[in-house]
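Colleague: structure for the following, please:
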Amino acid sequence: MRFARGLSPLVWTMLFLLLLTIAWKTGAAAAAPPRPTPSGLSVPRYVSLKFGEVNARAGPGDDYRALWTYRIRGLPLQVIAETADWRRVCDPEGAVAWVHQRTVDNVRRTVMRTQSEPLVMHRRPDAKSPPAALLAGRSLATLGTCRAGWCQVSAGRAKGWAPAAELWGTADAAQCRPRLAKAGP
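Modeller: Below is the predicted model:
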């Protein structure tokens, strides 16, 4: 007895087993946990700068050239890669560089209003709730909890809820795509 297109049952069985193997390996790869990082923390994730002066470098080491200096303590950065001692970060302007792990705070979360216009913070996570305060344009705020597209933030004595989409430092996805070109020392 011949199967479709003249293939024998043995060939059909082998093809079926091959497809099963491919499907199983593909499923296993998709279900595999993310690769562990040197810090044991997930990537991407947000951190904030501990100091008011932090050098941003072209690569993960003091022997790489300094690209610029961050001068804003508390600036939120998104870690997109890491080594044991260095973090590759994306900043609110979209720039990518390396900073030493001792210069970032993994606990204190901050966000930034990147637009120049002020943002109304509400008393509750609802656009119809009364205003609680204004978050100035291009300013930082400490991040509290987020839920249903709203985040509780505080800046000085002002506290309130703001739409997460209006704050840099709340998105789960990577915010910057680093260039593939390698930077040398």
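
Colleague: for Ala56, grab phi and psi.
Modeller: phi -100, psi 130 (degrees, to the nearest 10).

Colleague: just the helices from the protein, written as ranges.
Modeller: 9-31 (DSSP state H).

Colleague: could you chop it up by domain?
Modeller: Using automatic domain parsing, the domain parsing of the chain gives 45-108, 111-166.

Colleague: now the shortest one: mean pLDDT?
Modeller: Per-residue pLDDT values over domain 111-166 give a mean of 97.

Colleague: now the end-to-end length of it.
Modeller: 10 Å (Cα to Cα, to the nearest Å).

Colleague: point to the residue nearest the middle of this protein.
Modeller: Pro44 (3.6 Å; Cα atoms, centre = their mean).

Colleague: thinking His135 is in contact with Arg113, fair?
Modeller: Heads up, residue 135 is Leu, not His. Yes - at 5.2 Å, Leu135 and Arg113 qualify as touching, with contact defined as Cβ atoms under 8 Å. Just so you know, the C-beta spots here come from the backbone N, C-alpha and C atoms, and that holds for glycine as well.

Colleague: what do these two both touch?
Modeller: Overlap of the contact sets of Leu135 and Arg113 (by Cβ atoms under 8 Å, 6 or more residues apart in numbering) consists of Leu119, Ala141.

Colleague: picking up where we left off before, of the domains of the chain, which is nearest Arg177?
Modeller: Taking Cβ to Cβ, domain 45-108 is the member of those nearest to Arg177, at 8.3 Å.

Colleague: now stretch 132-150, how far from the chain's geometric center?
Modeller: Average the C-alpha atoms of stretch 132-150, do the same for its chain, and the two points are 18 Å apart (Cα atoms, centre = their mean, to the nearest Å).

Colleague: how about stretch 74-86?
Modeller: Distance, centroid of stretch 74-86 to centroid of chain: 9 Å (Cα atoms, centre = their mean).

Colleague: and Val96, how many neighbours does it have?
Modeller: The number of residues packed near Val96 is 19, by other Cβ atoms under 10 Å.

Colleague: now the phi/psi pair for the residue nearest to the centre of the chain, please.
Modeller: Pro44 has phi and psi values of phi -80, psi 160 when expressed as degrees, to the nearest 10.

Colleague: how about the closest residue to it other than its chain neighbours, what does it touch?
Modeller: Once flanking residues are discounted, Pro44 sits nearest to Ala174: 4.6 Å by Cβ to Cβ, 6 or more residues apart in numbering. For Ala174, the contacting residues are Pro44, Gln78, Ile80, Cys90, by Cβ under 8 Å, 6+ apart.

Colleague: looking at the residues you listed, which is nearest His122?
Modeller: Gln78 (25.6 Å).

Colleague: tell me what the closest one is bridged to.
Modeller: Tyr46, Cys90 (DSSP bridges).
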